[in-house]
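Asks: Structure for the following, please:
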Amino acid sequence: MERFDWDDLRFFLAVARSGRLTAAARRLGADHATVSRRITSLEESLKAKLFERRPQGYALTGHGEQLLAKAESMETEALAIQSEIGGADMALSGTVRIGAPDGFGSTFLASRFAGLAKSYPGLELQLIAMPRLLSLSKREADVAITLAPPKEGKVVARKLCDYRLGLYAAQNYLDAMPKITAAEDLFGHRIVGYIDDLIFTPELDYLDEVAKGLRAHIQSSSVLAQMNAVAAGAGIGVIHHFMAVDEPRLVPVLPESVSITRSFWLLVHADLKDVARVRAVVDFIVRESKASRALLMGELAAAGGARLAAAS
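Replies: Next comes the predicted model:
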């Protein structure tokens, strides 16, 4: 064991979770040659083959599976040492990676990061704002915002907040198309929405709630792209009220009869829930969400729509 380098376990965990040297290297801030060298060094020191090298990536062997459980336990203890013994300054330095749906991440969280960064200048904040589910067990993120609670896994989950969505269109589109007085009228209009087979969670399947059988003619996996298309006059789409409130080109459609409510959930890996830097980020997200309840529930958008109606 004299040749055993404990630090090699960081490289082992990164490759085990990602299955690829390049992805592990990006996460560790190293080059892939270094990652490969450290894995080889670990295998030589343990005198055991840990990975099967395959064209599609690295797969754990039986020995690798055994080591994974041990290495994750060691990682948990190391995180506890950093958080409990290292002192506040150390605990609030380092990286916290946040995964969130693209609308909430890009529109809501990103615009509020300035205050968090100012409070904790030692933190490096990484935001993955993508329309996909991220794996906390593979450490793709430290904190994740999802649309439903997890069904399994070593995860601590809490309901973050409710939010609402509604139908929107650009005024120039509405002026050029038949009048809409009921949801059935939408079948005579261009609809903007998600690509059916790329909907990564059933909570995003809105259109049947609006009108059974309604389907999108212009489709994107990104709600930001959908909003931009709708604002440019491409058609009618289901948009989050908290996104629409700052887009003056968007006009509510059937606001009295079409209102969709969903929930955001906040997830943290159980091993990270007591790490101070992660707690600070979680507390920030919870605080900002609670303070923005009216925005998230569409009450500000409704007030703006009422003012527009009165002005017209």
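Asks: how much space is there between residue 73 and residue 51?
Replies: 20 Å (Cβ to Cβ, to the nearest Å). Where you see a C-beta, it was placed from the backbone N, CA and C, and this is true even at glycine.
Asks: Tell me which of the two has more neighbours.
Replies: residue 51 (21 against 11; other Cβ atoms under 10 Å).
Asks: Quick check: bridge partners of that one?
Replies: As for beta bridges, residue 51 partners with residue 60 under DSSP bridges.
Asks: C-alpha coordinates for stretch 94-103, PDB please?
Replies: Taking C-alpha atoms only, stretch 94-103 is exported to PDB below (Å, rounded to 0.1, in the frame of the first residue of the first chain):
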ATOM      1  CA  GLY A  94     -15.000  25.600  -3.800                       C
ATOM      2  CA  THR A  95     -17.600  24.600  -6.500                       C
ATOM      3  CA  VAL A  96     -21.300  24.100  -6.300                       C
ATOM      4  CA  ARG A  97     -22.900  22.800  -9.500                       C
ATOM      5  CA  ILE A  98     -26.700  23.500  -9.900                       C
ATOM      6  CA  GLY A  99     -28.800  21.700 -12.400                       C
ATOM      7  CA  ALA A 100     -32.200  23.300 -13.400                       C
ATOM      8  CA  PRO A 101     -34.700  23.300 -16.300                       C
ATOM      9  CA  ASP A 102     -33.700  25.900 -18.900                       C
ATOM     10  CA  GLY A 103     -36.400  28.300 -18.200                       C
END
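Asks: Quick check: buried residues in that stretch?
Replies: Buried residues in stretch 94-103, counted by 16 or more other Cβ atoms under 10 Å: 96-103.
Asks: wouldn't residue 52 be in contact with residue 65 here?
Replies: No. If you go by Cβ atoms under 8 Å, residue 52 and residue 65 don't touch, sitting 11.5 Å apart.
Asks: got the phi/psi numbers for the residue nearest to residue 97 when sequence neighbours are not counted?
Replies: In space, and not counting its chain neighbours, residue 97 is closest to residue 126: 4.2 Å by Cβ to Cβ, 6 or more residues apart in numbering. Backbone torsions of residue 126, given as degrees, to the nearest 10, read phi -120, psi 120.
Asks: and if you look at residue 183?
Replies: Residue torsions, per degrees, to the nearest 10, at residue 183 are phi -60, psi -30.
Asks: any idea which element residue 14 lies in?
Replies: In this structure, residue 14 sits in helix 8-18 according to DSSP states H and E.
Asks: no, scratch that, I was asking about residue 212
Replies: Per DSSP H and E: residue 212 is located in neither a helix nor a strand.
Asks: In three-state terms, label the closest residue in space to residue 146 that isn't next to it in sequence for me.
Replies: Spatially, and ignoring its direct neighbours in sequence, residue 146 is nearest to residue 265 (4.9 Å; Cβ to Cβ, 6+ apart). Secondary structure, DSSP: H, G, I helix; E, B strand; the rest coil: residue 265 is strand.
Asks: ok so, going back, next secondary structure element downstream of the helix holding residue 14?
Replies: Downstream of helix 8-18, the next assigned helix or strand under DSSP H and E is helix 21-28.
Asks: continuing past that following helix, what's the next helix or strand?
Replies: helix 32-46.
Asks: now that next one and helix 8-18, what's the angle there?
Replies: Relative orientation of helix 32-46 versus helix 8-18 (axes from the mean of the first three to the mean of the last three Cα atoms, to 10 degrees): 110 degrees.
Asks: helices and strands around helix 32-46, which ones?
Replies: Secondary-structure packing of helix 32-46 (3 or more Cβ pairs under 8 Å, 6 or more residues apart in numbering; DSSP states H and E): helix 8-18, helix 21-28.
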